[in-house]
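Asker: Let me see the structure of the following:
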Amino acid sequence: MEKDKRIKLCFLISVVIIFFSGGMAAAFQNNFGTIDVQEVAIARQDGSLLVGKLFRPIDVNELNTAPGVLGLHGYNNDKDIHRGIAIELARAGMVVLLIDQLGHGDSEGPGSFDTASCDAAYKWLESLPFVNGSTVKDDKQMGIFGHSMGYIEAWLTAMSNPSHDACAFESFPPLLRMPFHHNVLHTWAEYEEWYTTDWYSGMNWYTANLTVKQVYQQGLAMIHLNALGTGDLTYSGTPEVDETYGDFATGTAYREHFVKGIDHPGLTMDQGCTAEIVAWMLQALSGKSEADAWSIAAIAGQTYLGAEIFGGLALLFSFVSVIFLSLLLLKTKFFAEVKQPMPERVVTKDKKRWWIFAAANTVIAALFFGLFTHADVHWSIDDSGSWGAPWNMGMMNNWLGFFITTAACAAFLVSLWYILSNRKERGSITLYDLGVTYDNEKFATTIKNKAHWQIFGKTALLSITLFGWMYLLVSIFQTFFLIEFRIFWAFAKMFTPERFLMFLLYLPLFIPFFLINGGVFLFGQVRPEESSTSVKTYLVWWAKALFTMLFGLLLLFLIQYIGVTISNYPYEGWWFNPIMPIQLMFAIPFYSLLYLFMIFFYRKTGKIYLGAFFGAIITVWFLSVGSAMAVGL
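Answerer: Next up is the predicted model:
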């Protein structure tokens, strides 16, 4: 009874932390009440809706207007990737609109490079009665910024709206500045993955054979050309980063901010980049001097990280609460039979054989990730009659390629090991030993046992219940506080109708990996022995699971990002995309946590199913709400 009380207390504490963290994330998002944050919907010409988030200082109204700034995210991201910039711009007195581009986040329709939608959002923001901010000229003070794909869209949107006053572009090395862009700030990363991208000038200024240092030198040469183009008579002829050329009053101001030690996605998270954009917009839109703008935009005064940190804590403790909720549910009369003893026999006791099996699996994972995740499959978007048409999420199909091929390989290798082992010694390994069946009877017999099917069904229902609990928490905060459980990148958020359909379509395709690789193999073929204490057992099992399932992917990631410090990226260029190694930045920490949960569920139920179902559901949930719809890069 005392143990039950402790579980209930821990569950209650985790829920309190979730609500406290979510509330604090919301408080930082609205700057503790000084910023009005609203979700908005903007109609496109075809009737579909762009969903956005509008940040307005509460003292800004029709009588006290302010400049407007539009933010555009990159491929496979959403509006909240720029939440930090929006918070800081709104704290500085500006109205900011972040939109989910077509096919991203909560916006409807198949994704594409769609400048018309971005242009509609720009004009919508410009039309708001409280957006103005200038008595110097008749048209409104408007700025625009974007990262990666959003950079391209911002570039094109600014070109189609020549009355704009400022642009801030993030990512890619310096490119040729065009005269129809006014007051241009560009921020670029030392380890920019897409360093060869020159998508509009055709100059091939940056070639794939350049090292990081050579890219930087080419960037300085481009800065030289752009500085000359501003007509700045004070320019010494020596190009420099973090130096402003030209004149804001004439729209020729130009500045390059170079960030050491980070890469393409890191720009959206960097406090220095956020400060640069805020200071730039203050000078271009509000007429602040450089000194005054920087006193407002200084990193020391930024608060947006509070929203990211507390959003991440809410996500983490929603997982923690699942542990205690599962323990409580397993004690109920209905779910009690789901809790089964673990098989007594450990089938691979020989340490040498264990390491061979584990090392082979982790090497296969690395090889298959490199081979089968770079198609960015554009399955049947233009031809709905061909095979694969319903599964139309480009980035998710990359992951699907990895999960399906590794599951197929593991199924073959585990089956071969199982057959050969039993041929050598009949009955040496049973499906019960592998956590598959509920007794040691022959498979043909046990599969007919209705009681076993009842336990299996309740296990599936329990996994859905645990997912439902997390989804309920996320829904409460997203609905009432406009807060997602995330830290920078999208993780847990509500489905749109389209994305819920994708969730249902993709889930059956992901489950085999978790049943085979994360089930029969992890808790059958390479299940470790028990250690002296429960805590030590969990730690040993977790460490071995991380080696078995993730070490190869970690090596692949390190090859990519250590390689760039020596010369350049192994994965480089526009067509052989480095986007999947970037995905490992969140995938490795996420699956490190998820495998710990799968260990916990296996040890509590004695079977592979609860952990496999929960792992598959959470994976497909996060990917289906956070990936681009029907778009290839």
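Asker: ranges for the strands of the chain?
Answerer: For the chain, strands defined by DSSP state E occupy the ranges 35-43, 49-57, 68-72, 95-99, 142-147, 166-170, 184-191, 244-245, 254-263, 485-487, 489-492.
Asker: What residues does the spatially most central residue of the chain make contact with?
Answerer: Nearest residue to the geometric centre of the chain (C-alpha atoms, centre = their mean): Trp489, 3.7 Å. Neighbouring residues of Trp489 by C-beta atoms under 8 Å, 6 or more residues apart in numbering: Asn77, Ile81, Phe586, Gly626. For the C-beta atoms, the positions are set from N, CA and C on the backbone; glycine is no exception.
Asker: so the spatially closest residue to the third one that is not a sequence neighbour bridges to which residues?
Answerer: Spelled out, it's Phe586. Counting by C-beta to C-beta, 6 or more residues apart in numbering, Phe586 lies nearest to Trp489, which is 5.6 Å off, once chain neighbours are set aside. When assigned by DSSP bridges, Trp489 has beta-bridge partners Ile487.
Asker: now Trp489: how far from Gly261?
Answerer: Taking C-beta to C-beta, to the nearest Å as the measure, Trp489 falls 19 Å from Gly261.
Asker: who's in contact with stretch 431-444?
Answerer: 340, 342-343, 345, 347, 418, 430, 446-447, 449, 451-452, 455, 519-520, 523-525, 602, 606-608.
Asker: do stretch 551-571 as well
Answerer: Here stretch 551-571 makes contact (C-beta under 8 Å, 6+ apart) with 191, 193, 195, 208, 210-212, 263, 361-367, 369-370, 374, 577-578, 580-581, 584-585, 587-588.
Asker: Report the backbone C-alpha coordinates of that stretch in PDB.
Answerer: What follows is stretch 551-571 as a C-alpha-only set of coordinates in PDB (Å, rounded to 0.1, in the frame of the first residue of the first chain):
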ATOM      1  CA  PHE A 551      26.200   3.700 -31.700                       C
ATOM      2  CA  GLY A 552      26.500   3.300 -35.400                       C
ATOM      3  CA  LEU A 553      24.300   6.300 -36.000                       C
ATOM      4  CA  LEU A 554      26.400   8.300 -33.600                       C
ATOM      5  CA  LEU A 555      29.500   7.300 -35.500                       C
ATOM      6  CA  LEU A 556      27.900   8.400 -38.800                       C
ATOM      7  CA  PHE A 557      27.000  11.700 -37.200                       C
ATOM      8  CA  LEU A 558      30.500  12.200 -35.900                       C
ATOM      9  CA  ILE A 559      32.000  11.400 -39.300                       C
ATOM     10  CA  GLN A 560      29.900  14.100 -40.800                       C
ATOM     11  CA  TYR A 561      30.600  16.800 -38.200                       C
ATOM     12  CA  ILE A 562      34.200  16.000 -37.400                       C
ATOM     13  CA  GLY A 563      34.900  15.700 -41.100                       C
ATOM     14  CA  VAL A 564      33.900  19.200 -41.700                       C
ATOM     15  CA  THR A 565      36.400  20.600 -39.200                       C
ATOM     16  CA  ILE A 566      39.200  18.800 -41.200                       C
ATOM     17  CA  SER A 567      38.000  19.800 -44.700                       C
ATOM     18  CA  ASN A 568      34.300  19.500 -45.500                       C
ATOM     19  CA  TYR A 569      31.200  17.500 -45.200                       C
ATOM     20  CA  PRO A 570      31.100  13.900 -46.500                       C
ATOM     21  CA  TYR A 571      27.400  14.500 -47.200                       C
END
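Asker: and that stretch, which residues are buried?
Answerer: Within stretch 551-571, the residues that count as buried by 16 or more other C-beta atoms under 10 Å are 551-554, 556-557, 559-561, 564, 568-571.
Asker: now, which of these lie within helices?
Answerer: Among these, the members found in helices (DSSP state H) are Phe551, Gly552, Leu553, Leu554, Leu556, Phe557, Ile559, Gln560, Tyr561, Val564.
Asker: Turn those into a markdown table, including pLDDT and distance to Val535.
Answerer: Formatted as a markdown table, these follow (pLDDT from 0 to 100; distance: C-beta to C-beta, whole Å):
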| residue | pLDDT | distance to Val535 |
| --- | --- | --- |
| Phe551 | 98 | 23 |
| Gly552 | 97 | 27 |
| Leu553 | 96 | 27 |
| Leu554 | 97 | 24 |
| Leu556 | 90 | 31 |
| Phe557 | 92 | 29 |
| Ile559 | 87 | 34 |
| Gln560 | 86 | 35 |
| Tyr561 | 88 | 33 |
| Val564 | 81 | 39 |
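Asker: Who are the contact partners of Tyr538?
Answerer: Tyr538 is in contact with Leu596, Ile599, Phe600, Arg603, counting by C-beta under 8 Å, 6+ apart.
Asker: mind running it again at 7 Å?
Answerer: If a contact means C-beta atoms under 7 Å, 6 or more residues apart in numbering, then Tyr538 has Ile599 as its contacts.
Asker: per-residue confidence for it?
Answerer: Tyr538 is assigned 97 on the pLDDT scale.
Asker: now do Phe477
Answerer: pLDDT recorded at Phe477 is 98.
Asker: And Trp199, by the same measure?
Answerer: 65.
Asker: Drop anything exposed from the contacts of stretch 551-571.
Answerer: So, of the contacts of stretch 551-571, 191, 193, 195, 210, 212, 263, 361-362, 364-366, 369-370, 374, 577-578, 580-581, 584-585, 587-588 end up buried under the neighbour-count rule (16+ other C-beta under 10 Å).
Asker: Kindly state the domain boundaries assigned to this structure.
Answerer: Following automatic domain parsing, one finds the domains of the chain at 1-31+307-331, 32-302, 343-626.
Asker: for these, which one ends up most surrounded?
Answerer: Most buried of the domains of the chain, by mean neighbour count (mean count of other C-beta atoms under 10 Å): domain 32-302, with a mean of 20.
Asker: now that domain, how far from the chain's geometric center?
Answerer: Distance of domain 32-302 from the chain centroid (C-alpha atoms, centre = their mean, to the nearest Å) equals 21 Å.
Asker: lowest-pLDDT helix or strand in the chain?
Answerer: Every helix and strand of the chain was ranked by mean pLDDT, DSSP states H and E. The lowest is helix 443-446, at a mean of 81.
Asker: ok now that one, how far from the chain's centre?
Answerer: Distance, centroid of helix 443-446 to centroid of chain: 43 Å (C-alpha atoms, centre = their mean).
Asker: again, but for stretch 435-448
Answerer: Distance of stretch 435-448 from its chain centroid, counting by C-alpha atoms, centre = their mean, is 40 Å.
Asker: Check the nearest residue to His224 once chain neighbours are set aside and give its pLDDT.
Answerer: Residue nearest to His224 in three dimensions, not counting chain neighbours: Pro239, with 4.1 Å by C-beta to C-beta, 6+ apart. Reported pLDDT at Pro239 in the predicted model: 96.
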